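1. Sequence unavailable; structure follows:
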């Protein structure tokens, strides 16, 4: 190769060797960045296997992986660069980490799947009837969205920090709410005002959104900025108490996702609960275990072994049949280990079901 290049382009061996070293170094740097992104999303597979992974770039760091989507706490080169200086898009440290993680994965379906998982992890409202009021409703969204929060004085920052809560009746929109709640909670109103909406383009999330949902996201961010200023002002006017725009705006602790094996029909109830994350318009689970009783190799818990599923949900929009089934299996991860078979007879959107 060296002789051939030299004869055609007149490049010396020394300069060619130098160029090769530069190219190899550059390629390794790119590989390292992509590998960091892979570690962040490594646990996005379907199944129940749990392993530990050690990074070859830093053998002292071991990253735990599991069968469910989540952001593993790891640093990427991009996030390190902005940690000691003002972020170019005014992002909070947590929002910057999320943005970098989404950006370095070049798969729109994987980003969409992560948003669905974040929607399922959004803490439930402690008192929905008091939080879901007109004052907390985000205008201009295709789905119904509510955001609220609390302001608490932080002695380290010598300022009030905001902790958000929110909810939506649309699964993808709820994922966007969860992203903003996670990314901006624990920050001051001043820090929140600096966040520029263009980060959604850098994270490449906008590629998965319709124009209507993109406008809804911008309205969510604007509403949360206004809410932060409002909460801070209320806190300053009544410093003896923690400010809140509702009586029950504290975010609830995430509910335990384990299966209650002591209740009646635990497998059936666990599946019904897990699939509610898809916000289905129709959901029917039929227990056919009695038809397979005594079959060789048939496993199940307390006689619950075979089920048939019929589900209709907006969350399936834009997904192939295989992707819809994978999404269902992902949500039922713990249950699938305890039953013998699940037949998905129908998994459609409301529009498809009405045809």
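-> Yep, that arrived. A quick note: this is a predicted structure, and the numbers were derived from the prediction, not measured.
2. residues contacting residue 164?
-> If you count contacts by Cβ atoms under 8 Å, 6 or more residues apart in numbering, residue 164 has them with 147, 148, 149, 180, 181, 184, 185, 224, 227, 251. Yep, even glycine has a C-beta here, placed from its N, CA and C like the rest.
3. how far away is it from residue 149?
-> The spacing between residue 164 and residue 149, counted by Cβ to Cβ, to the nearest Å, is 4 Å.
4. Now list whatever residues contact both of those two.
-> Counting by Cβ under 8 Å, 6+ apart, the residues touching both residue 164 and residue 149 are 185, 224, 227.
5. With respect to residue 289, which of those residues is nearest?
-> residue 185 (43.7 Å; Cβ to Cβ).
6. ranges for the helices of the stretch 251-355 of the chain?
-> Applying DSSP state H, counting those that start in this stretch to the stretch 251-355 of the chain gives helices spanning 266-275, 321-331, 333-336, 350-354.
7. show me where pLDDT drops low in the stretch 201-350 of the chain?
-> Along the stretch 201-350 of the chain, the model assigns pLDDT under 70 to residues 239-263, 292-302.
8. 90 - rerun?
-> Along the stretch 201-350 of the chain, segments meeting pLDDT under 90 span 206-216, 234-271, 273-274, 277-278, 287-307, 315-319, 322-323, 326-327, 329-342.
9. And the strands in it?
-> 243-244, 282-287, 306-312, 341-348 (DSSP state E, counting those that start in this stretch).
10. TSV for the ones you listed, including mean neighbour count and distance to residue 331?
-> Formatted as TSV, the strands of the stretch 201-350 of the chain follow (neighbours: other Cβ atoms under 10 Å; distance: least, Cβ to Cβ, whole Å):
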stretch	mean neighbour count	distance to residue 331
strand 243-244	21	32
strand 282-287	15	12
strand 306-312	19	11
strand 341-348	16	11
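11. can I get the ones you listed in CSV with distance to residue 143?
-> Below are these laid out as CSV (distance: least, Cβ to Cβ, whole Å):
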stretch, distance to residue 143
strand 243-244, 24
strand 282-287, 18
strand 306-312, 17
strand 341-348, 19
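12. and residue 135, which of those strands is closest to it?
-> Among the strands of the stretch 201-350 of the chain, strand 243-244 comes nearest to residue 135, with 12.0 Å by Cβ to Cβ.
13. Give the bridge partners for the closest residue to residue 236 other than its chain neighbours, please.
-> Spatially, and ignoring its direct neighbours in sequence, residue 236 is nearest to residue 160 (7.1 Å; Cβ to Cβ, 6 or more residues apart in numbering). Judged by DSSP bridges, the bridge partners of residue 160 are residue 153.
14. Now for residue 160: which residues touch it?
-> Applying Cβ under 8 Å, 6+ apart, the residues contacting residue 160 are 151, 152, 153, 154, 188, 189, 231, 232, 235, 236, 243.
15. Is there a neighbour count for residue 197? I'd like the number.
-> Neighbour count for residue 197, taken as other Cβ atoms under 10 Å: 15.
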